[in-house]
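1. this is the structure alone, sequence omitted:
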Ligand code: HEC
């Protein structure tokens, strides 16, 4: 065997082992990713629950007195925020913060009024029921109320959920 050939063979040898090591490293990283991915997929609910509990406990600790922040949920069905029963739209969070500290949303949702009417209702509540001054929130609140609980528009019932209706044949005898 000539010296050159031996050198070439040695180099190929080195190249082979280097490649093999890279491949093995690649495979092990990939399988680590897959294993963690699988674990996360399987335990996702559990992990997010733990995370929620964790963040939730921080929230509750920092705001112990504000009932509306204790169990905040964002579930909205047909435009209605499920936890509060209020229409979900511009101004929602302000109304939730300001208006639900004394009474439930039912007093709001069962009423319908124009912006003027709502404004008068707020004035009445300030004069007689201890509602504090609202500053620039007042306009946000009146806009929200007249838009979502105005005299015409929101008297409409929501569209029927056509897919959920169980149709049946009416039998006339
Ligand atoms: C400081 C406490 C307090 C706050 C804050 C408050 N209210 Fe009231 N509200 C009352 C009280 C007390 C009543 C009377 C309840 C009753 O008659 O049983 C009332 C009654 C109402 C009624 C019924 C009025 C009627 O004529 O039937 C509406 C509507 C209403 N509130 C809307 C709101 C809105 C909108 C907000 C937010 C801007 C708000 N309230 C914030 C105390 C409050």
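-> Looks like it came in fine. Quick caveat: nothing in here was measured; it's all calculated off a predicted structure.

2. going forward, measure contacts between C-alpha atoms and count neighbours the same way
-> Will do.

3. pLDDT value on residue 21, please?
-> Looking at residue 21, its pLDDT is 95.

4. and it, what is it in contact with?
-> By CA atoms under 8 Å, 6 or more residues apart in numbering, the contact list for residue 21 is empty.

5. which residues in the protein form strands?
-> Assigned by DSSP state E, the chain shows strands spanning 76-77, 80-81.

6. which of the ones you listed has the lowest average pLDDT?
-> Among the strands of the chain, strand 76-77 carries the lowest mean pLDDT, a mean of 86.

7. and that strand, which strands flank it?
-> strand 80-81 (antiparallel) (DSSP bridges).

8. pull the distance from the strand it pairs with to the chain's centre.
-> Centroid separation for strand 80-81 versus its chain: 12 Å, with CA atoms, centre = their mean, to the nearest Å.

9. so who does residue 11 touch?
-> Contacts for residue 11 were tallied using CA under 8 Å, 6+ apart; there are none.

10. quick check: closest non-adjacent residue to the residue of the chain found nearest the ligand.
-> The chain approaches the ligand most closely through residue 99 (3.2 Å), counting by CA to the nearest ligand atom. Spatial nearest neighbour of residue 99, excluding adjacent residues (CA to CA, 6 or more residues apart in numbering): residue 105 at 7.8 Å.
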